[in-house]
Structure formats: structure tokens, C-alpha cells
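>>> can't give you the sequence, but here's the structure:
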Ligand code: SF4
Ligand code: SF4
């Protein structure tokens, strides 16, 4: 389905999410569904938590137990295919890469958007990180209701 629509099926999405117990701590979500010759996510991880193997065309797999949720892999991905997710206090807390302007401001409410580009919920901006180490990729910490854990993917400004 991804090849035809560009939108992954639910079963594909679920396959890259650790279970709810694991997500009580932050974990990387690798939304990389195509076999492509790419591996900076794997080489950027200081904990060897992303496995691709000897064939660089294979999709990356997360070794959930080794992932600390440090987030170093997020800006390494040229396809913006990695986020960090955690469950806490009935919210799903994400760290997402964001390369659009304007950047959101902390403590503002933006739209939460799904993989089809539809607005699905409010998204609270908790933190905005711009670091020279991440080139022009901002890392936005954003919280949405827990029920949107597997649907939320990015943010959009409310007045758009
Ligand atoms: S979040 Fe940190 S520990 Fe987890 S896969 Fe990414 S770089 Fe490795
Ligand atoms: S860096 Fe991104 S696009 Fe490349 S293999 Fe890793 S997750 Fe996939």
C-alpha cells in the first residue's frame, strides 16, 4: 500500500512501535518502510540500538531494550523518518524533526496531523530545540492525547 499511496498501512505502523510497557520510557520509532541503501540512523546511535546488518538496503530494526531514547538518531535521518515516542500521564509525548518555518513556540497549541495529512487533535508544544549540530532540523517536543499514539505524525500551525 505504501508504494501506491505513500501512506503506510496501520499494520506497518504498528510493526515499528514498541509495546506500551516499553513506551513508558522514550523509544525511537523508525518509520522506514522501504528497502533503500541508507544507514546514518544506525551509525549515529551510540548504543548500537539500530540494526541494519551487512546489506545496507535492508530496513532498520530497533533493538528496543538497547534504545535509551536519547534522540541522536532523529536528525541523522535524511528522510525525517525517525521520531521519539513515550507514554506519560495519558499523553503520548513525541520528539519530531521539523524543517518548516515558522517554528512553533513553546506552550502553544498547534494542530496534530496524521500520516494522511489530516488534522486529528490538538498538539501542545513542550519544547523547541535548534542546535547547530542538527543543521536546519529543529527537534520539537510535542504532546497529544495517548489515544493518538499510532496516528499522530507531525504538527501544523493552527491558522493555516
Ligand atoms: S534514540 Fe538514541 S539510543 Fe535510541 S536508537 Fe536513537 S540514537 Fe539509539
Ligand atoms: S537514516 Fe532514515 S531513511 Fe535511512 S535507513 Fe535510517 S530510518 Fe531509513
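Looks like it came in fine. Only a predicted model underlies this, so the values are computations on that prediction, with no experimental measurement involved. Ligands and ions are numbered 1, 2, ... in the order given.
>>> Only C-alpha atoms from now on, for both contacts and neighbour counts.
Noted.
>>> And the residue nearest the centre of the protein?
The centre of the chain sits closest to residue 83, judged by CA atoms, centre = their mean, with a distance of 1.7 Å.
>>> Off-centre distance for the helix or strand containing it?
Secondary structure assigned from DSSP states H and E places residue 83 in strand 82-88. Chain-centre distance of strand 82-88: 7 Å, with CA atoms, centre = their mean, to the nearest Å.
>>> which stretches of this protein form strands?
Per DSSP state E, the chain carries strands over the ranges 27-30, 50-51, 61-62, 82-88, 91-98, 109-114, 119-129, 138-145, 152-156.
>>> does any part of the third one sit near ligand 2?
No: figure legend: strand 61-62 not in contact with ligand 2 (CA under 6 Å from any ligand atom); closest approach 8.9 Å.
>>> Redo the strands of the chain as a markdown table? Include distance to residue 7 and mean pLDDT.
Formatted as a markdown table, the strands of the chain follow (distance: least, CA to CA, whole Å; pLDDT from 0 to 100):
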| stretch | distance to residue 7 | mean pLDDT |
| --- | --- | --- |
| strand 27-30 | 15 | 98 |
| strand 50-51 | 23 | 98 |
| strand 61-62 | 20 | 98 |
| strand 82-88 | 15 | 98 |
| strand 91-98 | 18 | 98 |
| strand 109-114 | 10 | 98 |
| strand 119-129 | 15 | 98 |
| strand 138-145 | 21 | 98 |
| strand 152-156 | 11 | 98 |
